[in-house]
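J.: predicted model follows, preceded by the sequence.
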Amino acid sequence: MDAICQGCQSKCSEGFHSGELLYHHWARKDAYGLFTGLYCDDCYGGDKYPYRKDEYFDPAYAGERMYPED
């Protein structure tokens with residue numbers, strides 16, 4: 001079974017077994033750690049990846065705060 005990039009539809013058969021979608025090296029996650037799909041390195045680095053690429057969660061951008069504003 002091949003993994004298919006959601007950006008350019010290219011196929012990758014290495015390191016992929018059915019049921020291990022989240023562990024494929026093309027599996028991408030958003031700032032919250034939620035799975036966003038399979039995107040190859042070219043699509044992820046380019047403009048075909050439709051989500052933000054934050055590596056660390058920053059509560060200042062989440063729209064919610066633990067303490068009220070002064």
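T.: That came through, no problem. In this text, all values refer to a predicted model and were calculated from it rather than measured experimentally.
J.: look up which residues are beta-bridged to the residue nearest the centre of the chain.
T.: In the chain, the C-alpha closest to the average C-alpha coordinate belongs to Arg28, at a distance of 2.3 Å (Cα atoms, centre = their mean). Here Arg28 shows beta-bridge partners Gly37, assigned using DSSP bridges.
J.: so who does it touch?
T.: Contact analysis of Arg28 by Cβ atoms under 8 Å, 6 or more residues apart in numbering lists Phe35, Thr36, Gly37, Leu38, Tyr39, Tyr44, Tyr49, Tyr51. Every residue, glycine included, has its C-beta placed from N, CA and C.
J.: now those as CSV including neighbour count and distance to Gly7?
T.: Compiled in CSV, those are given as follows (neighbours: other Cβ atoms under 10 Å; distance: Cβ to Cβ, whole Å):
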residue, neighbour count, distance to Gly7
Phe35, 11, 15
Thr36, 16, 11
Gly37, 17, 9
Leu38, 21, 9
Tyr39, 21, 5
Tyr44, 18, 8
Tyr49, 18, 7
Tyr51, 14, 11
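J.: what pairs with the helix or strand of the chain with the lowest mean pLDDT, parallel or antiparallel?
T.: Counting by mean pLDDT, DSSP states H and E, the weakest-scoring helix or strand in the chain turns out to be strand 11-12, with a mean of 80. Next to strand 11-12 in the sheet, as set by DSSP bridges, lie strand 3-4 (antiparallel).
J.: can you tell me what sits against the partner strand?
T.: Applying Cβ under 8 Å, 6+ apart, the set of residues contacting strand 3-4 is Ser10, Lys11, Cys12, Ser13, Phe16, Leu21, His24, Trp26, Leu38.
J.: just flag the most distant two among these.
T.: Ser10 and Leu21 (16.3 Å; Cβ to Cβ).
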